[in-house]
Every structure is written in structure tokens, then in C-alpha cells.
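K.L.:
need a structure here:
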Amino acid sequence: MSLVQASDIINLLKKKLGLDDEFFTITKVWHKEVGIDGLDIVSYRNGIIFAQTQSSVASFEFNLRKKEIIKKLNQYVGKVVVKNIKVKIE
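P.N.:
Below you'll find the predicted structure:
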């Protein structure tokens, strides 16, 4: 039986959950760049951010600025990683 380093396991889990360095950068700047109260990231998979809000007004405002927000988030990361953002009203 061979031993596996804990860091290898953690990196594998982060990759499976979509929690890579780009995701952490995105979450750090999300509220600063989005600027919409009550719109929060729920998950991130395959270049898609899943966000949710309780406000239809917040969802509408986001949809008006969606392309601009995706562009700014990708600028922070330094490459195109965010392809889409889907917002769900809860």
C-alpha cells in the first residue's frame, strides 16, 4: 500500500468541487464588482457561477450588467474562466 500526501487529496477535492484559485479570486472581488446587495455566489462549476438572490429587482439589475460583470471578473483572474453567470431567485 502506498501513502498519498494530504495535499494531493485536498487538491483533488478542490478540483472536483470547482474550488480552484480562480474561484477564490472571483469570490474575493464578487461584491466589489457586482455591487448588488443580496446577490451571492452559491457555487461554481465548469466556468459557470451560480448565484442566488431573494429580490427580483436584484436579478433584473444583474441581467442588465451581466456581460460587464463577467468581463470584470475575468480581468481580475487574468484569463477567461467565467463563461456565464446564472441567477436564481429564491
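K.L.:
For the rest of this, base every contact and every neighbour count on C-alpha atoms.
P.N.:
Fine.
K.L.:
Just list the residues touching the residue lying closest to L39 once chain neighbours are set aside, thanks.
P.N.:
Using C-alpha to C-alpha, 6 or more residues apart in numbering and skipping the chain neighbours, the partner closest in space to L39 is T53 (4.8 Å). Residues in contact with T53 (C-alpha atoms under 8 Å, 6 or more residues apart in numbering) are G38, L39, D40, S59, V87, K88, I89, E90.
K.L.:
Quick one, which of the residues you listed are buried?
P.N.:
Buried residues within the contacts of T53, counting neighbours by 16 or more other C-alpha atoms under 10 Å: L39, D40, S59, V87.
K.L.:
Turn those into JSON lines, including secondary structure, pLDDT and distance to R65.
P.N.:
Formatted as JSON lines, the buried ones among the contacts of T53 follow (DSSP: H, G, I helix; E, B strand; the rest coil; pLDDT from 0 to 100; distance: C-alpha to C-alpha, whole Å):
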{"residue": "L39", "secondary structure": "coil", "pLDDT": "93", "distance to R65": "13"}
{"residue": "D40", "secondary structure": "strand", "pLDDT": "93", "distance to R65": "15"}
{"residue": "S59", "secondary structure": "helix", "pLDDT": "94", "distance to R65": "10"}
{"residue": "V87", "secondary structure": "strand", "pLDDT": "96", "distance to R65": "12"}
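K.L.:
Report the two of these separated the most.
P.N.:
When C-alpha to C-alpha is used, the two most widely separated members of the buried ones among the contacts of T53 are D40 and S59, lying 11.0 Å apart.
K.L.:
Break down this protein into its helices, ranges please.
P.N.:
With helices called from DSSP state H, the chain shows them at 6-17, 21-34, 56-77.
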